[in-house]
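Asks: sharing a sequence plus its predicted fold:
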There are 2 protein chains.
Amino acid sequence: MAPQPTLKQLRYLCAVAQSLHFGKAAKACFVTQSTLSAGINELEHALGAALLERSNKQVLITDIGQKIVARSQHILSDIEALKEDAVKAQAPLSNSVRIGIIPTIAPFILPRVLPSLHQDFPELRLLIREDLSENLANLLLQGELDLLLMALPYPVNNTTSYHLFYDPFVLAYPTGHPIADVKQLRTRDLQGQDILLLEHGHCLRDHALEACKLQSSQLSLAFEATSLHTIVPMVANGVGVSLLPEMAINEGILSGTKNISTKEFSEKGVWREIGLLWRAKSPRDSEYRLLGEYFKNNRPGS
Amino acid sequence: MAPQPTLKQLRYLCAVAQSLHFGKAAKACFVTQSTLSAGINELEHALGAALLERSNKQVLITDIGQKIVARSQHILSDIEALKEDAVKAQAPLSNSVRIGIIPTIAPFILPRVLPSLHQDFPELRLLIREDLSENLANLLLQGELDLLLMALPYPVNNTTSYHLFYDPFVLAYPTGHPIADVKQLRTRDLQGQDILLLEHGHCLRDHALEACKLQSSQLSLAFEATSLHTIVPMVANGVGVSLLPEMAINEGILSGTKNISTKEFSEKGVWREIGLLWRAKSPRDSEYRLLGEYFKNNRPGS
DNA sequence: ACCTACAATCGGTAAAATTAATTTTTTGAT
DNA sequence: ATCAAAAAATTAATTTTACCGATTGTAGGT
């Protein structure tokens, strides 16, 4: 196969086209005249066309040479633009981040974080996808998402996790429910209660059960909700009690709802851990940590 | 200075972007995996950006990597277009030829040559400039013109000339003029005649004088014409005789004009030489010779 | 615990780019 | 015609780079 033209050769050609003088062009390219001469020759052979007409008095550009010069200039400026792109992309959080957030976090953290984030990193484009942990994990591994904001621990291969904060579970019960009389609420007080939880697939359910040392089989209530917002009116109607994340309450999930009371657990550790997750090999590791700072500093209730 | 990205590296990148697999990409590029790997690394360092996210299981393209890939594909296809241009330009007489023609040739040769030329070389674009020999010569040396069609000899540095044919001078005189009685016309019969010629600058004038062995000082008629077409009516009106190029007569410069007769010289050598002229270093030498063939084969009167 | 698949890395060698010096070519001037 | 000047081409030696084959390291699957 014929040798390919190189960018260096195109640079030499354009330099000659500018000065119409091999010696000057060589200087402009920081090479010796012989190097430039050889480069031009290579290009002419690679293209199989005479681009320049040389004499000892003047250098002229041929018809086809002129066309090649024009194309070369275009290509070289495209290369510059490409390099420029790379430089611009260096600024942290200046590009798109495709983030996946589980449904029990997204509505309660985004309204608070997004505005300040946009202020500090106006170039950042957050592309948000809300889905269950399992689906998000798959998308992360497939490279469809860059970052997950979810409850930890959640096992995903080759990922790095970043702790943000703990989000306590708060008991929500119908006002006047007997449990209101318990002074120091402990997880064992939940035994035998009708506890409303989200349906399978929501990790909030699993984390709540684990935090309260309950087995799924202990739940007497067969009904399972599809979102926190539908649990609230059910509790208010006396269907049962529920475990709500504090961040949801802080963000006002109960506002406007009557007949619901809440009580915090007196024990430590009745919470879920909130964190970030990304592919361990991701070159944007440091950017994601930076983003983590923002979520930390702007957590609901802080 | 940071090393420049090379086209080879961009090719490697695009290959990886296609297969998302270093080994396959390497094969597609006809290099080993280690070579490709090193190339991608160089590119990333040259740009200072992580373009790919590698693990032993999958290769993902980063956000910025995606942009660079898109630009690279664009650049690489531009390179192909450039090469394509060069190949197309290889076909002889497939590009522009900027030709300069003197006013005493152009109107009499172009109508005949252009049609057949266009038929055989439809890609050829003849850009014609009509001017005096001296001006054309300057333009040729400056590279503003590629080729001259003119009367020879005409001294121009560093040029190659190509003989086309001889164009005899024919005496034109008012019908009934005494010279009509001369049986064997010779140049010495012109002595003492009122001879109408073009003004200074037209080489036709000088060549006519030389061919007829006359001195400018021998001309009794002070008036000089600006074009052959203005000479004709003057001869018809009896102002004097003139020496017209045969090609002009063949192309019908006298048609429709009454009271003019013509007579050929009985001697050999009463002619001007018509030829092509180009810079000796021109790489299109062979194309110009080919073009010369056309002018030869389609000379006026042939 | 082993095997597999993959990209990164290493060491050696072949190829190429680059330079400084020289040669050739051309051309204007004497 | 000869000379001198200018400029690109060429040459030969050296440095640099590219490339390959083999090996290493890492994760995942069995």
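Replies: Cool, got the structure.

Asks: ramachandran coordinates for A:L47?
Replies: Backbone torsions for A:L47, taken as degrees, to the nearest 10, come to phi -90, psi -20.

Asks: what is the neighbour count of it?
Replies: As a burial measure, A:L47 scores 24 neighbours (other Cβ atoms under 10 Å in any protein chain shown). In this view, the C-beta of every residue, glycine as well, is placed from N, C-alpha and C.

Asks: just give the nearest non-adjacent residue to it, would you?
Replies: B:A86 (3.7 Å; Cβ to Cβ, 6 or more residues apart in numbering or on different chains).

Asks: who's in contact with the one you found?
Replies: For B:A86, the contact set (Cβ atoms under 8 Å, 6 or more residues apart in numbering or on different chains) comprises A:L47, A:G48, A:A49, A:I64, A:I68.

Asks: top of these by neighbour count?
Replies: Using other Cβ under 10 Å as the neighbour test, the contacts of B:A86 are led by A:I68, with 27 neighbours.

Asks: thought it was touching A:L47?
Replies: Yes: between A:I68 and A:L47 there is a contact under Cβ atoms under 8 Å: 6.9 Å.

Asks: quick check: neighbours shared by the two?
Replies: Joint contacts of A:I68 and A:L47 (Cβ under 8 Å, 6+ apart) are B:L82, B:A86.

Asks: tell me the mean pLDDT over stretch A:122-134?
Replies: Stretch A:122-134 shows a mean pLDDT of 91.

Asks: contacting residues around it?
Replies: A:91, A:93-103, A:106, A:110, A:114, A:117-118, A:136, A:139, A:145, A:148, A:150-151, A:154, A:201-203.

Asks: got the residues of the stretch 201-302 of chain A near DNA strand D?
Replies: Along the stretch 201-302 of chain A, the residues adjacent to DNA strand D under the rule Cβ under 7 Å from any atom of the strand are A:A280.

Asks: so who does the closest residue to DNA strand C within the stretch 201-302 of chain A touch?
Replies: Of all residues in the stretch 201-302 of chain A, A:K281 sits closest to DNA strand C, at 9.3 Å by Cβ to the nearest atom of the strand. When contacts are counted by Cβ under 8 Å, 6+ apart, A:K281 touches A:N158, B:E53, B:R54, B:S55.

Asks: ok, for the first one, nearest residue in space, not its chain neighbours?
Replies: The spatially closest residue to A:N158, leaving aside those adjacent along the chain, is A:A280, at 4.7 Å (Cβ to Cβ, 6+ apart).

Asks: ok, how many other residues are close to the one you found?
Replies: 14.

Asks: burial of A:L10, as a residue count?
Replies: The number of residues packed near A:L10 is 24, by other Cβ under 10 Å.

Asks: that one reaches A:S72, doesn't it?
Replies: Yes: shown here, A:L10 and A:S72 form a contact pair, counting by Cβ under 8 Å, at 4.0 Å.

Asks: and A:A222, what pLDDT?
Replies: We have a pLDDT of 65 for A:A222.

Asks: now do A:Y288
Replies: Per the predicted model, pLDDT is 92 at A:Y288.

Asks: may I have the residues that are in contact with it?
Replies: Counting by Cβ under 8 Å, 6+ apart, A:Y288 touches A:V97, A:D146, A:L147, A:Y162, A:L276, A:W278, A:S282.

Asks: for stretch A:132-152, buried residues please.
Replies: Within stretch A:132-152, the residues scored as buried using 16 or more other Cβ atoms under 10 Å in any protein chain shown are A:132-133, A:136-137, A:139-141, A:143, A:145-152.

Asks: list the ones among the residues you listed that fall in strands.
Replies: When these are checked against strands (DSSP state E), the matches are A:L147, A:L148, A:L149, A:M150, A:A151, A:L152.

Asks: now do the last one against A:C203, distance only.
Replies: A:L152 sits 9 Å away from A:C203, taking Cβ to Cβ, to the nearest Å as the criterion.

Asks: hang on, A:E80 in a helix?
Replies: Yes: under DSSP: H, G, I helix; E, B strand; the rest coil, A:E80 sits within a helix.

Asks: which pLDDT value goes with the closest residue to A:M234 other than its chain neighbours?
Replies: Spatially, and ignoring its direct neighbours in sequence, A:M234 is nearest to A:L196 (5.7 Å; Cβ to Cβ, 6+ apart). We have a pLDDT of 85 for A:L196.

Asks: got a list of what A:L196 touches?
Replies: A:L196 makes contact with A:L221, A:F223, A:E224, A:A225, A:I231, A:M234, A:V235, A:V239, A:G240, A:V241, A:S242 under the criterion Cβ under 8 Å, 6+ apart.

Asks: could you rerun that using 7 Å?
Replies: Applying Cβ atoms under 7 Å, 6 or more residues apart in numbering or on different chains, one finds that A:L196 lies in contact with A:L221, A:A225, A:I231, A:M234, A:V235, A:V239, A:G240, A:S242.

Asks: kindly report the same for A:V270.
Replies: With Cβ under 7 Å, 6+ apart, A:V270 has these contacts: A:P168, A:F169, A:T187, A:A211, A:C212.

Asks: phi and psi next, for the first one.
Replies: It stands for A:P168. Phi and psi for A:P168, reported as degrees, to the nearest 10, are phi -60, psi 150.

Asks: in this structure it contacts A:G269, no?
Replies: No: the pair A:P168 / A:G269 is not scored as a contact, 9.1 Å apart, by Cβ atoms under 7 Å.

Asks: the more surrounded of the two?
Replies: Neighbour count, other Cβ under 10 Å: between A:P168 and A:G269, A:P168 has more, with 19 against 10.

Asks: which helix or strand contains A:L277?
Replies: According to DSSP states H and E, A:L277 maps onto strand A:271-279.
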